[in-house]
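Undergrad: Predicted structure and sequence below. I'll ask about it afterward.
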Amino acid sequence: MLRAEVSIAPPAHLGPPQADPCPSLVRPRSKLAVYHAGRMWIENRMRRGRFPGCWLSALVALLACRGNPRPVASSNAASPVAAPTTPSAARPTDDDLVGVWKAKRRFGPDARGPLTLRREREGWTADFLGRLRPVHPERAELAFELPGGEGSFRGRLAADRQRVVGHWTPVPSVIHGVRFAVPVVLEADGADRWRGQVVPLDDAFTLYLVTAPRPDGTLGAFLRNPERNIGVRYDVDHLVRDGAAVRLVGRLGRSGAERTLLTGSYDAGSATLSIAFPERGGTYDFHREDEHSELYPHGKHPDRYVHQPPPALGDGWRTGTLDEVGISRTGIEAFIQRLLDMPIETVHTPEVDGVLVARHGKLVVEEYFHGESREPPPRHAIGGQEPDRDDRRRGDRGGRTAGAGDAGLRDDDRRAGSGRPRIRASGR
């Protein structure tokens, strides 16, 4: 077999000899020298017709040296050369954490359920939570309290003796730090007996964590919270993962230097992201949401909106069509579609939970978003959150309901049997 090796001395103007980084048949002292000198030598041989096949290997090796070959370690190198770093190499994006995450915690209160007051010869008693409790008349009021401050009731017997009207005051809210009294109405249920339900505000807290990769290699992030909107206070900018440990980095209150705001961990086995919120009841376990998440008005990919008149429910509202009251159907559909298509990209993206429009005394638009519903749910503190996806909540966020035409709409003043708000006259 014919075998040949080529050794080409570089021209003097290319400088002193250097280590060859190009692994090939050619072992020159400089890659640049090989290319220029070797090409000239081979072209000269070709012009003379002297180009045996063995030199083809040398030509291929020379051409290979024109690229960016893999560096080889030098046996006499004093120290290794560090590879250049880029933002993506220094701070890799973890695809496991990209997406929408949801966490929810509930803190009771547990004291709830049917309450029966009885008036007997010996006095008043309350049947609540499976026990009879003494009721103390206090200046025309009926009152009792649970041990340990778990809750208390105060009410009055109506003049017609057909009902007892009062309030239930539960334990202080873990989330909000105060007590929320709720109305209780006990209806007559036989001789000297009145019965009703104690339904305190659910002490619940919901958090959404939204993460997405950025061009610089960081993992952008922000928090949304339907109940208190604390995502604005915790102005999270990005998430940093170091093994199982995670940090949410940003500026507290949108001021000051960037710093670690919250810490936690990620369990890859259960796909659980746990973040500690000491001021909000402890650690919250986040789980990944799908495209139907209630973070979005009607899911991430909503259907095209087609307006339908609100149903008549016999709750005191007259309903009608847009044509009957002179409102553009095209305009309403475009408006609602814009709400549905609004991208949830930052904590500052507006969140509209419901739109109700009434004109000429008729309710003509009734739409709810983010899992809201007209059906009255179990009561929730400050608007609250649904107990689960199957027991959906109505729109009730401190009266943030859109109104148009002849009436302003309030969703903290509702008729019995419906989550719809009452009409408040506007004078027009």
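TA: Structure's in. What do you need? No experiment lies behind these values; they were computed from the predicted model shown.

Undergrad: so how far is residue 207 from residue 287?
TA: Distance of residue 287 to residue 207, computed by CB to CB, to the nearest Å: 11 Å. No exception for glycine: its C-beta is placed from N, CA and C like everyone else's.

Undergrad: again, but for residue 113
TA: Distance check for residue 113 against residue 207: by CB to CB, it reads 29 Å.

Undergrad: Now for residue 287 and residue 207: what residues contact both?
TA: Common neighbours of residue 287 and residue 207, using CB atoms under 8 Å, 6 or more residues apart in numbering, are 102, 103.

Undergrad: what about those two, which has more around it?
TA: Taking neighbours as other CB atoms under 10 Å, residue 287 and residue 207 compare with residue 207 leading, 22 against 12.

Undergrad: Kindly state the beta-bridge partners for the more buried one.
TA: Applying DSSP bridges to residue 207 gives these bridge partners: residue 103.

Undergrad: Now for it: which residues touch it?
TA: 102, 103, 104, 223, 224, 225, 275, 277, 284, 286.

Undergrad: For the fifth one, grab the count of nearby residues.
TA: What that stands for is residue 224. Neighbour count of residue 224, defined by other CB under 10 Å: 22.

Undergrad: Keeping just the C-alphas, turn the host helix or strand of residue 222 into CSV.
TA: For residue 222, the enclosing helix or strand under DSSP states H and E is strand 219-224. Output of strand 219-224 as CSV, limited to C-alpha atoms (Å, rounded to 0.1, in the frame of the first residue of the first chain):
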residue,chain,number,x,y,z
LEU,A,219,-36.3,32.1,33.3
GLY,A,220,-38.7,35.1,33.5
ALA,A,221,-41.5,34.8,36.1
PHE,A,222,-44.3,36.7,37.8
LEU,A,223,-47.0,36.0,40.4
ARG,A,224,-50.8,36.5,40.2
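
Undergrad: what's it in contact with?
TA: With CB under 8 Å, 6+ apart as the criterion, strand 219-224 contacts 93-94, 97-98, 207-214, 230-231, 234, 236-241, 248, 295, 344, 346-347, 351.

Undergrad: show me where pLDDT drops low in this structure?
TA: 1-93, 376-428 (pLDDT under 70).

Undergrad: That one: helices as residue ranges?
TA: Using DSSP state H, the helices of the chain run over 31-47, 54-64, 87-90, 322-325, 329-341.

Undergrad: Please name every helix or strand in contact with the fourth one.
TA: Translated: helix 322-325. On a contact count with 3 or more CB pairs under 8 Å, 6 or more residues apart in numbering; DSSP states H and E, helix 322-325 meets helix 329-341, strand 362-368.

Undergrad: Return the set of buried residues in it.
TA: Neighbour-count burial for helix 322-325, counted by 16 or more other CB atoms under 10 Å, picks out 322, 325.

Undergrad: Can I get that helix in PDB? Just the C-alpha atoms.
TA: Taking C-alpha atoms only, helix 322-325 is exported to PDB below (Å, rounded to 0.1, in the frame of the first residue of the first chain):
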ATOM      1  CA  LEU A 322     -79.100  43.900  22.400                       C
ATOM      2  CA  ASP A 323     -81.400  44.800  19.500                       C
ATOM      3  CA  GLU A 324     -84.200  45.600  21.900                       C
ATOM      4  CA  VAL A 325     -82.200  48.200  23.800                       C
END
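
Undergrad: thinking again about what came up before, now that we have the contacts of residue 207, can you turn them into a markdown table and tack on distance to residue 139?
TA: A markdown table is the format used below for the contacts of residue 207 (distance: CB to CB, whole Å):
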| residue | distance to residue 139 |
| --- | --- |
| 102 | 48 |
| 103 | 46 |
| 104 | 42 |
| 223 | 48 |
| 224 | 47 |
| 225 | 42 |
| 275 | 49 |
| 277 | 43 |
| 284 | 45 |
| 286 | 50 |
